[in-house]
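Undergrad: One predicted model, sequence on top.
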Amino acid sequence: MQAKLAELKTRLLEASDLNHANALLSWDQSTYMPPGGAAARGRQMALLSRLAHERATDPAIGRLLDALQPYAESLPHDSDDAALIRVARRSYERAVKVPAAFVAELTSHQAASYQVWTEARPLNDFKKVQPHLERMLDLSRRYAEFFAPYDHIADPLIDEADYGMKAATVVAVFADLRRELVPIVRAITAQPPADDSCLRQRFPEAAQWEFGLAVARQVGYDFERGRLDKTHHPFTTEFSVGDVRITTRVDEHNVGDALFSTVHEAGHAMYEQGVRPDFDGTPLGGGTSAGVHESQSRLWENIVGRSRGFWQFYYPQLQAAFPGQLSNVPLETFYRAINKVQPSLIRTDADEVTYNLHVMLRFDLELALLEGRLAVKDLPDAWRARYEADLGIVPPDDRDGVLQDVHWYGGIVGGVFQGYTLGNIMSGQFYAAALEAHPDIPAELAQGRFDTLLGWLRENIYQHGSKFTAAELVQRVTGGPLTIEPYMRYLRAKYGELYTL
Ligand code: ZN
């Protein structure tokens, strides 16, 4: 059995190495590649994708998994070997259900559609990309069909990012959350908006960059096993547990943009850097789901990075970095500015309170598209109607409306948005559990000390990689299932102090 397990690991490591080599090409494409490299890079990445898929679906892996199944079943559920075989089987069965020709068709359509989207968005021209989105919806439906029977057509797509989660569960959790959030948003928007003009002065790039680097290092992102580079859309990418890179962007007219993006990505990266080294290159090496990943980026960005304690420590340093801009701005003004709640058009710029409304309306529209209740041609109108109903504002154009997120145009329709809000919900649950274990964490944050919190997250979440599913992890860490209560308590406490609720 040990020889078979070793052979399985060797074969899976080859597929993993091909995927990580591809990720490096992709990182380079988004950071340093000159424009002239685009055509060859696309071809090289397509080749590596195909080779990785071939390796991952090699029937030899299926035979090894079958031979190892009795061994896996003889072990306790939480043994490393049982988890490795379980997760490997899940990915293998997923991969072999989708024919290679379909993967190639989808990949090439994604590249073409993404390209058209990058042209259509600045032109505010939904019609230009509409046929590509129609085809993407068709491909998404066909993709789901490979996993029939299912309860809901979105289930196989959701499963890909948030394994074990079903559309029906997400619908129910989101309905609860909406019921709680909408009255809070209404109460806040009835009050005078916070003044955030202090954030919108000119903040030279070099000083912003240095400040972001220092904060990322101090919260615990390990630069011996990572680096920070500039890109258009911030992201985290992982080549091994010893090389987890983050990127950010800098807006000289918004001091929060680079900093909070950097802390967000550092949260994703600390999760990856914290995975047990012996899981590296195995199916257990890497975060367990989109939702759990987002729970960590949002925990560090918002619960820590937008807390009063964090800025009690960092604000004097920020003032020292930008004396001309901030020396006359009191901490309280700055704190209120970075936590300003205001319905807005762009999801990625939204505040903590309204953010989930952006996500939930996209999730609902995805379901409507997949179920055939909504046609792609009617999507821009449906989008505007939902923004008006949920946030009380109507996008003046499609550029900042239905064209704003790349996910449907360059990825797939279905399963791509729920993780953001599941992540917020879990961030509240995990942080509450950390506070229960260490009530002194908030006082430590106010002294610039992050080691107790990071240590607790590593011990309880990060080290396990993909060994446990999101649902198992939530149960183990918090002693119960997914629930919105801790997250709502957190929002009510924080915003109840900033506004009258
Ligand atoms: Zn994220």
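TA: That came in fine, so what should we check first?

Undergrad: what residues are up against G480?
TA: Listed by C-beta atoms under 8 Å, 6 or more residues apart in numbering, the contact partners of G480 are V474. Where C-beta positions appear, they are placed from N, C-alpha and C, glycine not excepted.

Undergrad: now it, what's its secondary structure?
TA: coil (DSSP: H, G, I helix; E, B strand; the rest coil).

Undergrad: how close does it get to D278?
TA: For G480, the distance to D278 equals 30 Å [C-beta to C-beta, to the nearest Å].

Undergrad: Then Q69?
TA: Relative to D278, and taking C-beta to C-beta, Q69 is found at 23 Å.

Undergrad: cool, and L379?
TA: 46 Å.

Undergrad: Looking at those two, which is more packed in?
TA: Set side by side, L379 and D278 show more neighbours around L379, with 22 against 12, by other C-beta atoms under 10 Å.

Undergrad: List the single closest residue to Q44 in space, sequence neighbours excluded.
TA: Nearest non-adjacent residue to Q44, counting by C-beta to C-beta, 6 or more residues apart in numbering: L25, 6.1 Å away.

Undergrad: and that neighbour, how many neighbours does it have?
TA: So L25, with other C-beta under 10 Å, has 15 neighbours.

Undergrad: who are the neighbours in contact with it?
TA: 41, 44-45, 48.

Undergrad: And for E210?
TA: Counting by C-beta under 8 Å, 6+ apart, E210 touches A321.

Undergrad: could you give me the average pLDDT of the helix or strand containing it?
TA: Assigned by DSSP states H and E, E210 falls within helix 205-219. For helix 205-219, mean pLDDT rounds to 98.

Undergrad: rewinding a little: distance of the residue nearest to Q44 from S49?
TA: To S49, L25 is 10 Å away according to C-beta to C-beta.

Undergrad: who touches both of those two?
TA: With C-beta under 8 Å, 6+ apart, L25 and S49 have no common neighbours.

Undergrad: okay, which residue is most central for this protein?
TA: Residue closest to the mean C-alpha point of the chain, counted by C-alpha atoms, centre = their mean, is E294 at 4.2 Å.

Undergrad: in terms of contact, does R489 touch L435 like I think?
TA: No: at 10.9 Å, R489 does not count as touching L435 under the criterion of C-beta atoms under 8 Å.

Undergrad: Of the two, which one has the most company?
TA: The neighbour count for R489 versus L435, taken as other C-beta under 10 Å, is higher for L435 (16 against 12).

Undergrad: Report all helices and strands that the helix or strand encompassing that one contacts.
TA: Per DSSP H and E: L435 is located in helix 418-437. Judged by 3 or more C-beta pairs under 8 Å, 6 or more residues apart in numbering; DSSP states H and E, helix 418-437 is in contact with helix 155-161, helix 167-189, helix 290-298, helix 352-371, helix 441-445, helix 451-460, helix 470-478, helix 485-498.

Undergrad: So S91 versus Q273, what's the distance?
TA: Taking C-beta to C-beta, one finds S91 at 22 Å from Q273.

Undergrad: Looking at these two, which has the bigger crowd around it?
TA: Between S91 and Q273, counted using other C-beta under 10 Å, Q273 has the larger neighbour count: 21 against 17.

Undergrad: got a list of what that one touches?
TA: Neighbour list for Q273: 221-222, 225-226, 241, 244, 462 [criterion: C-beta under 8 Å, 6+ apart].

Undergrad: still on that earlier bit, need the residues touching each of R489 and L435.
TA: Joint contacts of R489 and L435 (C-beta under 8 Å, 6+ apart) do not exist.

Undergrad: so which strand or helix has V244?
TA: Counting by DSSP H and E, V244 is found in strand 243-248.

Undergrad: Kindly calculate the angle that that strand makes with helix 205-219.
TA: Strand 243-248 runs at 140 degrees relative to helix 205-219, counting by axes from the mean of the first three to the mean of the last three C-alpha atoms, to 10 degrees.

Undergrad: For strand 243-248, which outside residues touch it?
TA: 27, 30-31, 212, 216, 221, 225-231, 234-239, 258, 261-262, 265-266, 268-269, 272-273.

Undergrad: Just the buried ones out of the residues you listed, please.
TA: 27, 30-31, 212, 216, 221, 226, 228, 231, 234-239, 258, 261-262, 265-266, 268-269, 272-273 (16 or more other C-beta atoms under 10 Å).

Undergrad: Produce a PyMOL select command limited to the buried residues of the contacts of L25.
TA: Entered in PyMOL, the line below selects the buried ones among the contacts of L25, by 16+ other C-beta under 10 Å:
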select buried, resi 45+48
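
Undergrad: now the end-to-end length of stretch 144-162.
TA: Start-to-end span of stretch 144-162 (C-alpha to C-alpha, to the nearest Å) is 15 Å.

Undergrad: Quick check: buried residues in it?
TA: Applying a neighbour-count criterion of 16+ other C-beta under 10 Å, one finds 144, 147, 150, 152-162 buried in stretch 144-162.

Undergrad: before we move on, what about stretch 1-16?
TA: So for stretch 1-16, counting by 16+ other C-beta under 10 Å, buried means 5, 8-9, 11-12, 14-16.

Undergrad: now the residues you listed in CSV, with pLDDT and distance to P76?
TA: Below are those laid out as CSV (pLDDT from 0 to 100; distance: C-beta to C-beta, whole Å):
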residue, pLDDT, distance to P76
L5, 98, 16
L8, 98, 19
K9, 97, 20
R11, 97, 25
L12, 97, 22
E14, 96, 29
A15, 95, 27
S16, 96, 25
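
Undergrad: Let me have these in CSV, adding secondary structure and distance to P204 as columns.
TA: Shown next, in CSV, are the buried residues of stretch 1-16 (DSSP: H, G, I helix; E, B strand; the rest coil; distance: C-beta to C-beta, whole Å):
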residue, secondary structure, distance to P204
L5, helix, 55
L8, helix, 53
K9, helix, 49
R11, helix, 51
L12, helix, 47
E14, helix, 47
A15, helix, 45
S16, helix, 41
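
Undergrad: returning to what we had before: would JSON lines of the buried residues of stretch 144-162 with distance to A168 be doable?
TA: Listed next are these as JSON lines, based on distance: C-beta to C-beta, whole Å:
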{"residue": "A144", "distance to A168": "15"}
{"residue": "F147", "distance to A168": "16"}
{"residue": "Y150", "distance to A168": "11"}
{"residue": "H152", "distance to A168": "6"}
{"residue": "I153", "distance to A168": "12"}
{"residue": "A154", "distance to A168": "10"}
{"residue": "D155", "distance to A168": "8"}
{"residue": "P156", "distance to A168": "14"}
{"residue": "L157", "distance to A168": "14"}
{"residue": "I158", "distance to A168": "10"}
{"residue": "D159", "distance to A168": "13"}
{"residue": "E160", "distance to A168": "17"}
{"residue": "A161", "distance to A168": "16"}
{"residue": "D162", "distance to A168": "13"}
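
Undergrad: All good on my end, thank you.
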